[in-house]
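Q: Take a look and give me a structure for this.
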Amino acid sequence: MQVEFSEIARQTLAENIEFLSKVWTRREVTVFLYDVKRITEDLENGKYLQFENSSRKTKSVLIGKKHVRMFFRKENDNLIKVLLFFDMRQDPQKLLDLLS
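A: Just a heads-up that it's a prediction; the model follows:
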């Protein structure tokens, strides 16, 4: 299965890495990036159903010391789209704005 990152996902991932690199050690940021890679590989290998539902069509997983949630959706039988990365310590309204 193919995993595609949306433009918002790329942008929010970069923003999270930038922020986390200021407050975490280099090793913690490396573990965070490894988690993103591992989850992406799980999705590519068809392990979509193991993740929790965030809404009817969207699933998510907590990564990086459980601070950042990765949201994704199955577009069709061959494509999963990563929608965004959201730091759960932010205002929840921002998440709603980004997902709409």
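Q: how close does residue 89 sit to residue 39?
A: 20 Å (C-beta to C-beta, to the nearest Å). All C-beta atoms are positioned from the backbone trio N, CA, C, and that covers glycine.
Q: The two - which one has more neighbours?
A: Taking other C-beta atoms under 10 Å, residue 89 and residue 39 do not tie; residue 39 has more neighbours (18 against 8).
Q: Not counting residues beside it along the chain, what's closest to that one?
A: residue 61 (5.8 Å; C-beta to C-beta, 6 or more residues apart in numbering).
Q: Got the phi and psi for that neighbour?
A: With angles defined as degrees, to the nearest 10, residue 61 sits at phi -150, psi 140.
Q: Pretty sure it sits against residue 53.
A: No - between residue 61 and residue 53 there is no contact under C-beta atoms under 8 Å: 11.1 Å.
Q: Return the set of residues that bridge with the spatially most central residue of the chain.
A: Against the mean C-alpha coordinate of the chain, by C-alpha atoms, centre = their mean, the closest residue is residue 70 at 1.9 Å. Under the criterion DSSP bridges, residue 70 forms beta bridges with residue 61, residue 85.
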